[in-house]
Structures are given as C-alpha cells and as structure tokens.
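Asker: Quick check, what structure comes out for this input:
(chains A and B)
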Amino acid sequence: MNKIYCAAALLLLVASGIWVAIPAQGQVAPQPVYTRVIRTQQADFSWDTAKKGSVKGTLKFSAKRASAPVVIYLKRVDGEGKFTVPDMLEVSQKEARFEPGFAVMVAGQKAKFLNDEKKEISHNVYFLGAAEVDLGIFDQAQSVEHQFTAAGEVSVHCSIHKNMDAKYFIAPSPAFALVENDATSFTISGVPEGKYQLKTWQKQKRFKDAEMDVTVEADKEASVTVEMAR
Amino acid sequence: MSNQPLPITRASFRLATVAVLVAAMLSGCASTPSYPDPQPGEGQVLVNLKGVPRQGVKGPKRDTVRDDYSTSVESIEQGKNFERVRYDRLPDVVVLLETANGSPVHPPAPGVQATGSVLTLGKKGFDHVQCCVNHGATMALTVRNERQTAVDLFFDGEAGTFATLHLEAGKEGSIKLGRGIHDVTCDQEESAACRVFVTLEGELWCGTSEQQAFFGSLQPGDYEVSVYAPRLPVVRNHVQVSGGQRAQVTAELTVNALPKAGR
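Answerer: Model (predicted):
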C-alpha cells in the first residue's frame, strides 16, 4: 500500500515539475524528464505592494550635448515584476504625420493609431526594431491598437507615405526618467527595492550609452552620477 | 558598275542622323546590363531586386478642382508629407554578400582602394540614406561638408563603437570604421542621417531597386545574401554557388512579409 502512495506522490511531483530524490530501495530511480521548474525572467512580485525607494541622479556630459531626449531607465536584474501599465498612447496621423513623433512607452502599454485625416486618405502602420509587425491599412476615421510587449527602440512607418515616420522607446518598466534640453538631473521614484541595472538610451546618439549597477532600498534614495562620454 | 561614291544629299544626311539618334535612344532604353560569363571553376551571384508595394494599397483619391476659368482633377494628397513610396525606385539599397562559413569572399588586395566610400553633406542633408565601404586597403569613409558652416558627425556602430568627425565648412575628412553597420548623424541638423555599411570579409553593392546586384569571380560554395533597403525589413537568402554557374536570387523589398497584428 505504501508503495502505491509513494508512486502516486512521485508522479504528482514529476508532473508538477519538482523533482525530489527518493531514497532508492533496491530500485534505480528513473531519470527525470526535467529536474527543476524553468521560470521565466518575470519576478513574482507586485509593484503595488512592494516596498519602494528612489534613484536620484545627475548626468555628466563630456562635451556639449544635443537637446534631444535622453532616457534613463532601470532594468531589474531578476525580472520586472507585475506593474500597472500606463494608459494607452493615442497617436494621430493627421497630415500624414505621426503625432507624437517620439514617445517613451512601457512594455505592456498599448498604442492606438487613429487615422484622423480630414480627407479620404488611407494609412498603414508597421514597426521595425524591438517590434516587427504590420498593423494593416486603415481608412479615414478608422483606428488600430497594438500592445508593445518587448522593450527597446521601435521605428514606426507608413508603407504608403515615404516621409511618415516616428520613433518610440519602449522601457522595460515604469522606472524611467526623460531628460531633455539643458536638464542634467533626474529622479526615478516609486521603484520597488531590489537590484537594477541603470541604462541610458539617446534619441540622437551623441555619447556612448552608460550602464551601471544600482541597488534600491526601501524608503531610501540612491544617488548616482551617470557619465556620458564619447 | 561605277566606282563613284553615292551623292550625299542634305535629305539623306538628315535621315541618317535621325536614324542614328533613334537607334541610340532605343539601345539606351532597352539596355539590360550584360555580365561576363562565369569562368570554369568560378561562380557568380546575381541578385534581382524587386520593390513590392504593400498589398491592398490603392492610388490616392482624386477630386475636381474648379476655379474661375477652368476645372481640373487632382489628387487629394498634396504636399511633401503625402509623397508616396516608389517601390520600383527605392534608393540606396545595399546588398551584402558573405560566405556561409565567414571566410573572405575576395581576399583584400594590397593597394586596392575602398569603393563607394564618399558621402556628401549638402544643404538638404546627406546625399545617401545608406552607403557602403567595401573591402579594400583603406577601409575609410570620406565625408565632404558642402555646407557653409562647420559640422560634427557621429558614427554609432552596431558593435558598440562610437566615433566623431568634425568638418570645417567646405572641407572633407576621412574616418576609419570597423566592420558592421554605423548610423551617422549630424549634431547641427537632426534630419541628416545615413547608415554606413562596412565589410571586411564580404562584398557590398549599393544601388536602387530598379537594378541588379552582380557579384562575380566567386569560389564555389555556400553564400548568404542580405538586402538592406531603407525603412524595410532585411531580406536574407542562402545561395549555393557552383563553378561555371550564375546563381540568381530575387529579393522582394516589401513589408508584406511582416507578421500581421492589430484591430
């Protein structure tokens, strides 16, 4: 009877992906199909309930910088966890121009592309880069939505009109700051405690992108200096 | 039979001139590039470029326009913003030929200058959106600044490299670039941008989607062809080259093959 219970327990454990070595009593233990649960990089925590801190920093440029935006973002070492994605970004296409032509979004966020031309003009939207997808052709007053899942740079184009382009940066989480014009300081607040890599992305690349380790502690402010050199 | 030459009248001279002109025009119009036959033991690759418009795209709607004295029909899409992509004339298409095992397509010969390696920055930006620096002894890109002000150029390499080039007004300069793709931007003008392709082992060709990319004198073996057209996904093909043969590949330059989503 005990053997039956043991076998049933073993089956359950193997089926659930967790292997437990059973002391062999005259029997050779069968080789497991897999020996551990393969987890994705998604950390199992919620931003809503996590203890939070912040990152305050200064950008130091080795030469005159462009006024184009620099995005400073945090990438959590053990996965990004569960966070509330920002509201859908609405993109106009009036006069064959994507508006906004540049945006920083968050992985999981949706964008709605609306053909709001005043005349009967069709548009197409497709992406290259971190997302490579064709959203189809849509006529005046029609719209199409897309959810960006992967982080990275996405170039947005229309296959009909050759000057209709936009560039979006998809940050891995809401932990990012946008530094524009002459600004050199930034604060990223509401960051769950943990270990992160701080990275930069420039709309117009004028310096090597920076990368550094940052530890965020609950109710504390981590102070960093980000060197942007050539 | 008289040995006297035929008299050349004014009419016959005109006729002959017109005939020569027509023949020249016809030969010019109908000219298809001719390539040398492959030698025994050597192969060739011919890449047929084909720009294909997005499926389902109709021509712009037309509207009747009336003024005091006339009526005309014209497109409702007017202005620079509404310029349409001409898939049959895509400019600055770059074709890269590489061996499948990474060995050089042609070993760089000493003294051979890099080809296609001059980029000009004029009033309206760079003269190319994509250009290439082929294998050769120099591996350098020459940039001419035709503007009346000094400019600073930035070279952002896909391999993480980063380089700058300062050019005084009306001057030219040279920069050595490593293999790979480099995005070139200008500090003084956001819209000026160019992508430079540099190869050491492979061979590059740059032209328009109306043309064919020809690669000759190739050792038999397996090759990879990558076609980069501005604003379009990269097209990659595997080609097997045999001695004395010309392998042909057609690269469709289109967004039609992208995964569909939305709605």
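
Asker: going forward, measure contacts and count neighbours with C-alpha atoms only.
Answerer: Will do.

Asker: I am assuming residue A:206 contacts residue A:66, so please confirm or correct that.
Answerer: Yes: using CA atoms under 8 Å, residue A:206 is in contact with residue A:66, at 7.2 Å.

Asker: neighbour count winner among those two?
Answerer: Using other CA atoms under 10 Å in any protein chain shown as the criterion, residue A:206 and residue A:66 rank with residue A:206 on top: 27 against 19.

Asker: Spatially central residue in chain B, please.
Answerer: residue B:207 (1.7 Å; CA atoms, centre = their mean).

Asker: hang on, isn't that one packed against residue B:93?
Answerer: Yes: if you go by CA under 8 Å, residue B:207 and residue B:93 touch, sitting 5.3 Å apart.

Asker: With adjacent residues omitted, what lies nearest to the residue of chain A found nearest chain B?
Answerer: With CA to the nearest CA as the measure, the residue in chain A that lies nearest chain B is residue A:161; the distance is 4.4 Å. Take residue A:161 and drop its neighbours on the chain: the residue closest to it by CA to CA, 6 or more residues apart in numbering or on different chains is residue B:84, 4.4 Å away.

Asker: Return the per-residue confidence for the one you found.
Answerer: Among the per-residue scores, residue B:84 shows a pLDDT of 95.

Asker: Pull up the gap between it and residue A:55, please.
Answerer: Residue B:84 sits 46 Å away from residue A:55 when distances are taken as CA to CA, to the nearest Å.

Asker: pLDDT below threshold where in the stretch 151-263 of chain B?
Answerer: Counting by pLDDT under 70, the stretch 151-263 of chain B contains low-confidence ranges at B:262-263.

Asker: How about the residues of it by chain A?
Answerer: In this structure, the stretch 151-263 of chain B approaches chain A at residues B:154, B:156, B:160-163, B:185, B:187, B:190, B:231-233, B:255-256, B:258-263, judged by CA under 8 Å from any CA of the partner chain.

Asker: which among those end up buried?
Answerer: The neighbour-count test (16 or more other CA atoms under 10 Å in any protein chain shown) marks B:154, B:156, B:162, B:163, B:185, B:187, B:231, B:232, B:233, B:255, B:256, B:258 as buried among those.

Asker: The third one reaches residue A:230, doesn't it?
Answerer: By that I understand residue B:162. Yes: using CA under 8 Å, residue B:162 and residue A:230 qualify as a contacting pair, with a distance of 6.8 Å.

Asker: Residues that sit against both of those two, list them.
Answerer: Where contact means CA atoms under 8 Å, 6 or more residues apart in numbering or on different chains, the residues bridging residue B:162 and residue A:230 through contact with each are A:207, A:208.

Asker: Now the element after the worst-scoring helix or strand of chain A on mean pLDDT, going C-ward?
Answerer: When each helix and strand of chain A is scored by mean pLDDT, DSSP states H and E, helix A:2-15 comes last, with a mean of 51. The C-terminal neighbour of helix A:2-15 among helices and strands, as given by DSSP states H and E, is strand A:52-61.

Asker: Now the phi/psi pair for residue A:95, please.
Answerer: The phi/psi pair for residue A:95 (degrees, to the nearest 10) reads phi 60, psi 30.

Asker: Equivalent analysis for the one 3 residues further on, please.
Answerer: Listed backbone geometry of residue A:98 is phi -80, psi 130, with angles given as degrees, to the nearest 10.
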